[in-house]
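Chemist: need a structure here:
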Amino acid sequence: MARKLRVEYAGAIYHVMNRGDRRELIFRESADRELFLETLGQLGWTEGTTLEEKPKGDVKKVRVAERLRRDTTMTLEWIAERLRMGTKTHLSHLLYWRNRGKNK
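Modeler: You can find the predicted model right below:
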C-alpha cells in the first residue's frame, strides 16, 4: 500500500536530508573532481586522450574506479563515463570481480 501524499504548506519549514547513495554525506563535485584529477596525475594520465587509449577493463582504471567509489559519492555512471569504462553495469561487474578476488 502506498503512503499518503505529504501535505505542503506555504512558508512551512521542512527537514531535508541530503545524502549520497549508501547514505554517505554528499561532497561538492569540485572536491570529487579534484580527487579524480589527483588520482589520474599520480598515474601520469590525463582525462582526455590517455583514458581513451586504455582498455575499458584496464587494471589501473579499475583501481581508480574503486578509489573513487570508496572515497566519493559519485555514481557508477559518473565514474564509468569519466574513466571511459563503458556502462555503469560493466563497471559494476569489474568492481565485483576485483573485490571477490580480494576476499579469497
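
Chemist: what is the neighbour count of residue 79?
Modeler: 23 (other C-beta atoms under 10 Å). For glycine as for every other residue, the C-beta is placed from the backbone atoms N, C-alpha and C.

Chemist: name the helix or strand for the residue nearest to residue 43 when sequence neighbours are not counted, please.
Modeler: In this structure, residue 43 finds its nearest non-sequential neighbour in residue 60, 5.9 Å apart by C-beta to C-beta, 6 or more residues apart in numbering. Residue 60 belongs to helix 59-71 when assigned by DSSP states H and E.

Chemist: can you give me the buried ones in that helix?
Modeler: Buried residues in helix 59-71, counted by 16 or more other C-beta atoms under 10 Å: 61-62, 64-66, 68-69.

Chemist: possible to save the residues you listed as a markdown table with pLDDT?
Modeler: Formatted as a markdown table, those follow (pLDDT from 0 to 100):
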| residue | pLDDT |
| --- | --- |
| 61 | 93 |
| 62 | 94 |
| 64 | 92 |
| 65 | 93 |
| 66 | 93 |
| 68 | 89 |
| 69 | 89 |
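
Chemist: so what touches the next helix-or-strand element following the helix holding residue 60?
Modeler: Next helix or strand after helix 59-71 toward the C-terminus (DSSP H and E): helix 76-82. With contact meaning C-beta atoms under 8 Å, 6 or more residues apart in numbering, helix 76-82 is reached by 36, 47, 51, 65, 68-69, 85-88, 90-92.

Chemist: got a list of contacts for the following helix or strand past helix 76-82?
Modeler: Where DSSP H and E defines the elements, the next helix or strand beyond helix 76-82 is helix 88-102. Helix 88-102 has contacts (C-beta under 8 Å, 6+ apart) with 56-57, 62, 65-66, 69, 75-77, 79-80, 83, 85.

Chemist: rerun at 10 Å
Modeler: 56-59, 61-63, 65-66, 69-70, 75-81, 83, 85-87 (C-beta atoms under 10 Å, 6 or more residues apart in numbering).
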